[in-house]
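# Show me the folded form of this:
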Amino acid sequence: MTAKLIRNAYEAALTMTAVLLCWSAALLLEGAAGLHTDVLVLACALTLTLAGSQRTADTRRRLTALVLLPVTTGASIFLGRLIASHYSIGAAVYTAGMALAIWIRRYGPAATKAGTLIALPLVALLVVPGPALPPEAQSGLVTWSWSALIGALACAVVWLVQGLADRFGPWRPDPAPTPTPSPRRSRLHPRPSTRMALQMAAGIAAAFALGRLLFDDHWPWVVLTAYVAASGNRGRTDVLRKGSERLIGACAGTLLATGLAAAGITGHTAVALMFTVLAIALWLRPLNYAYWAAGMTCALSLLLGYFGQNAATVLPTRLEGIAVGAVLSVASAWWLLPVAKRQGAARQHQSEPGRAVA
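Numbering: from 1, shown residues only. As a prediction, the model looks like this:
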């Protein structure tokens, strides 16, 4: 256990180094170009999600990410505005994008990695609390270009930090297992990737509908949980476990955030504490996902406080949204074309980007 904790601390330090470097670069860009503070959140969210999926990537995969991620990040900004102006249409497009990112896994490892890169900005879209540019930036092309630049920046920083660590660090990343191709199945017995895509589509669509109906503007918490609990589906029990761990962790994080709010922590102190909480949560995440859920709940509370919101008042609503999202994921995984445990276990090599920010 001691050796595992030391290794976890090393990997967490690499990720947080990349996050802080990307945040610092985005901070300079914000001041130079007069951007909104949300651009910093976008930079941190993309770096967190990308660091895990790129840890074992070779040069070819990293160059692919450098091309694909900026494009999908820019497109996600358009999608965010579509959801804001036409909720039903935007929700349908978002659901289709998430399902597509899973369905294309049937075409092999390269398609699986491309699907991960498609999903990363969509997950980050649920975390960033607003557009990445000030209201006076009216041009869609300008919005796309700045967001795409942040995506490229995240790729470059992650590549730099992990590349230096692989060259000079004490440990190398564990190689990803070779995927086992699934046998061709009839339409009456679809492949696991098709089943997981349909389950994800059903869970997210229901999360969009119930999220807006029950929680109004706090619908992203329902959708994010529905995605996280179902991502990397290894069977019914796995989805139930992840949903339960996320809810338990969020409850613990709520208690911690309530104490911090009572202490009146704001401003730069809140930002420093937010990064500290993220580092500890990253360190403990491999032991149990509940640690990460607790840390993210607390960090998001500090973030809301930084943006001037009373985080303590919305945390109970967040817990309710997480519970609803978890129930929706479990329901779709258990009763809509369930994936057999052995089929899901054969796909443990597939990335779960949502778990990095949820």
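
# Now the element after the helix or strand encompassing residue 203, going C-ward?
Under the criterion of DSSP states H and E, residue 203 resides in helix 192-215. For helix 192-215, the succeeding helix or strand toward the C-terminus, using DSSP H and E, is helix 219-230.

# picking that back up, which other helices and strands does the helix holding residue 203 contact?
helix 87-103, helix 219-230, helix 311-335 (3 or more CB pairs under 8 Å, 6 or more residues apart in numbering; DSSP states H and E). All C-beta atoms are positioned from the backbone trio N, CA, C, and that covers glycine.

# okay, these, which one's buried deepest?
helix 219-230 (a mean of 28; mean count of other CB atoms under 10 Å).

# burial of residue 163, as a residue count?
12 (other CB atoms under 10 Å).

# ugh, typo on my part, it should be residue 62
Neighbours around residue 62, by other CB under 10 Å: 17.

# tell me which residues in whichever strand or helix holds it are buried?
If you go by DSSP H and E, residue 62 is part of helix 59-85. By 16 or more other CB atoms under 10 Å, the buried positions in helix 59-85 come out as 61-62, 64-66, 68-77, 79-80, 82-83.

# Likewise for stretch 299-309?
For stretch 299-309, by 16+ other CB under 10 Å, it's 299, 300, 301, 302, 303, 304, 305, 306.

# quick revisit: tell me the buried residues in the helix holding residue 203?
Neighbour-count burial for helix 192-215 [16+ other CB under 10 Å]: 192-212, 215.

# so for it, what's the average pLDDT?
Taken as a whole, helix 192-215 has a mean pLDDT of 91.

# Give me the pLDDT for residue 20.
For residue 20, pLDDT reads 95.

# unless I'm mixing things up, it is touching residue 275, no?
Yes - assessed by CB atoms under 8 Å, residue 20 is found in contact with residue 275 at 6.9 Å.

# Residue 239 reaches residue 331, doesn't it?
No - counting by CB under 8 Å, residue 239 does not reach residue 331; the two are 9.5 Å apart.

# Quick one: distance of the helix or strand residue 256 falls within to the chain centre.
Assigned by DSSP H and E, residue 256 belongs to helix 236-262. Offset of helix 236-262 from its chain centre (CA atoms, centre = their mean, to the nearest Å): 16 Å.

# Counting by contacts, list what that helix packs against.
helix 219-230, helix 289-306, helix 311-335, helix 341-345.

# and of the ones you listed, who's closest to residue 171?
Evaluated over the helices and strands packed on helix 236-262, closeness to residue 171 peaks at helix 289-306, with 20.9 Å, by CB to CB.

# Just list what that closest one packs against, helices and strands only.
Looks like helix 289-306 contacts helix 236-262, helix 267-284, helix 311-335 (3+ CB pairs under 8 Å, 6+ apart).

# Distance to residue 31 and mean pLDDT for those - can I get that in CSV?
Shown next, in CSV, are these (distance: least, CB to CB, whole Å; pLDDT from 0 to 100):
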stretch, distance to residue 31, mean pLDDT
helix 236-262, 28, 81
helix 267-284, 15, 89
helix 311-335, 26, 83
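
# Out of those, which is closest to residue 145?
Of all the helices and strands packed on helix 289-306, helix 267-284 comes closest under CB to CB, at 26.6 Å.

# how about the closest one: buried residues?
270, 273, 274, 275, 277, 278, 279, 280, 281, 282, 283, 284.

# want to try a markdown table for the residues you listed, with distance to residue 57 as columns?
Converted to a markdown table, the buried residues of helix 267-284 look like this (distance: CB to CB, whole Å):
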| residue | distance to residue 57 |
| --- | --- |
| 270 | 33 |
| 273 | 31 |
| 274 | 27 |
| 275 | 25 |
| 277 | 27 |
| 278 | 22 |
| 279 | 23 |
| 280 | 26 |
| 281 | 23 |
| 282 | 19 |
| 283 | 22 |
| 284 | 24 |
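
# which residues does residue 21 contact?
With contact taken as CB atoms under 8 Å, 6 or more residues apart in numbering, residue 21 is in contact with 157, 160, 161.

# separation between it and residue 191?
40 Å (CB to CB, to the nearest Å).

# now residue 287, what's its secondary structure?
coil (DSSP: H, G, I helix; E, B strand; the rest coil).

# low pLDDT regions in this protein?
1, 128-143, 174-190, 232-234, 307-312, 339-358 (pLDDT under 70).

# re earlier: now the contacts of residue 21 in TSV, with secondary structure, neighbour count and distance to residue 42?
Converted to TSV, those look like this (DSSP: H, G, I helix; E, B strand; the rest coil; neighbours: other CB atoms under 10 Å; distance: CB to CB, whole Å):
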residue	secondary structure	neighbour count	distance to residue 42
157	helix	25	13
160	helix	13	19
161	helix	23	18
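
# and of those, the nearest to residue 221?
Among the contacts of residue 21, and counting by CB to CB, the member closest to residue 221 is residue 157, at 27.8 Å.

# if you skip the residues just before and after it, what's nearest to that closest one?
residue 22 (4.4 Å; CB to CB, 6 or more residues apart in numbering).
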